[in-house]
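> this one's structure only:
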């Protein structure tokens, strides 16, 4: 309390400098016992200070603040050289913002675009152009509980009480039975359909037409010939292994012969025509 020799305006100015150039009206009223420091300092300071209305950071309640103007900042820097304010007045910030918008600053011009978009959105809502969705996403209300998976409620019939499901196999139904696996269904009978005959492709040339005509009208009876007795089975296995080593496995026929040069020959004949 050693500042009573100073004028009220000087005491308020020093109090504002200690707070970074801004103080609330409540803080200034608590500075003096009578709470009249601001009223006494207003005629002395004049246009060095201004009052702004806002809200508190924590409680969000309306609050009034006293802040230094540009002339007040000049007086403060003359009183304390090198002093920097914590923030500027709203009028100064708006003036600087308008100057940046005149210079086509991208950050400053974004405020104009946002204001235009908000005005357009309000206009569309006023003419009912933007409507809420007709169908809300998710299941209908009351179909499934909101707090997780639970048992579904039984269907309510007007004028009747809720009827429990019928017993399963002579046993009274219970929620525990609903989680038991159901018995497997009997297998369906296999119906075998007769295979349709494979149609014979039409001949593409006169030679194929003649061969097809001969096969259909002059079929010779099949005569089974005994295997060559002079060729032992071990020799046939050796020839078969040789054919497989030469990557001719597809040429081996199920009847123990081999397909070579567009004709069916025995293993001994193939060995004779393809010596090692």
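Received it, and whenever you're ready, just let me know what you need. If you're wondering where the values come from, they're calculated on a predicted model, not measured in any experiment. Numbering: from 1, shown residues only.

> ok, now how distant is the residue lying closest to residue 236 once chain neighbours are set aside from residue 258?
What sits nearest to residue 236 in space, not counting adjacent residues and going by C-beta to C-beta, 6 or more residues apart in numbering, is residue 267, at 5.1 Å. Yep, even glycine has a C-beta here, placed from its N, CA and C like the rest. Separation of residue 267 from residue 258 (C-beta to C-beta, to the nearest Å) stands at 6 Å.

> what sits in contact with each of these two?
residue 243 (C-beta atoms under 8 Å, 6 or more residues apart in numbering).

> if we can go back for a sec, and the gap between the residue nearest to residue 236 and residue 261?
To residue 261, residue 267 is 14 Å away according to C-beta to C-beta.

> Comparing those two, which shows the higher neighbour count?
A count of neighbours by other C-beta atoms under 10 Å puts residue 267 above the other of residue 267 and residue 261, at 22 against 8.

> Which helix or strand in the protein has the lowest average pLDDT?
Least confident helix or strand, the chain: helix 206-217 with a mean of 72, by mean pLDDT, DSSP states H and E.

> Tell me the buried residues in the lengthiest helix in the chain?
Longest among the helix segments of the chain by residue count, using DSSP state H, is helix 106-126. For helix 106-126, the neighbour count (16 or more other C-beta atoms under 10 Å) marks residue 108 as buried.

> pLDDT value on the closest residue in space to residue 35 that isn't next to it in sequence, please?
The shortest distance from residue 35 to any non-neighbouring residue, by C-beta to C-beta, 6+ apart, is to residue 29 (4.1 Å). Residue 29 carries a pLDDT value of 89.

> With residue 85 instead?
At residue 85, pLDDT is 88.

> The one 10 residues further on now?
Per-residue confidence for residue 95 comes out at a pLDDT of 90.

> Would you state the secondary structure element containing it?
Residue 95 is part of helix 90-102, with elements assigned from DSSP states H and E.

> got a list of contacts for that helix?
With contact meaning C-beta under 8 Å, 6+ apart, helix 90-102 is reached by 50, 52, 69-70, 107-109, 111-112.
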